[in-house]
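# I would like the atomic coordinates for the input below:
(one chain, ligands or ions: 1)
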Amino acid sequence: MENRTNGKCPDWCEKETDHRPGSYIQFHWGRHTVIDPRGVIDPSRIRVDAYMETVNGKDRPPAVSFGAHLPDQENMAFADIPANDARTLASVIELLAGATPEQHAEYVAGIRAAADAIEPEPEAG
Ligand SMILES: [Zn+2]
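This next block holds a predicted model:
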């Protein structure tokens, strides 16, 4: 795409946004993939794309950005992970398509338990 950040736009960048015009931070976005599994998550919208920030003219490491509107959150929740970790996650998600709802729930509970074992979830509020 047209370069708007001093020659540092990554090849995959399809859209670039400033935090605000003339801001010290720019957001580079790859192609958005959005799915809308109604009935699973409400409001139900899940997206993924390549993502990178340029802060004060310096590029941060690019990542694969996952986002979803979660039932208990008003705004979209994000997680940015390195490309190789994203490939692993894609493989796991692929396998989950063949899981029963009970296996799916068990796996989700396992993820939360592992995360809580490392770092208890902060109190909501
Ligand atoms: Zn860009």
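
# interface residues of this protein facing the ion?
Within the chain, the residues that sit near the ion (C-beta under 5 Å from the ion) are Cys9, Cys13, Glu16, His28. The C-beta positions use only the backbone N, C-alpha and C, and glycine is treated the same way.

# Can you tell me which of the residues you listed end up in strands?
Residues of the residues of the chain next to the ion located in strands (DSSP state E): Glu16, His28.

# Just put the residues of the chain next to the ion in JSON lines and tack on neighbour count and pLDDT.
Shown next, in JSON lines, are those (neighbours: other C-beta atoms under 10 Å; pLDDT from 0 to 100):
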{"residue": "Cys9", "neighbour count": "18", "pLDDT": "81"}
{"residue": "Cys13", "neighbour count": "23", "pLDDT": "92"}
{"residue": "Glu16", "neighbour count": "18", "pLDDT": "80"}
{"residue": "His28", "neighbour count": "25", "pLDDT": "91"}
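
# Reformat the residues of the chain next to the ion as CSV; add distance to Ala113.
Shown next, in CSV, are these (distance: C-beta to C-beta, whole Å):
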residue, distance to Ala113
Cys9, 41
Cys13, 37
Glu16, 39
His28, 35
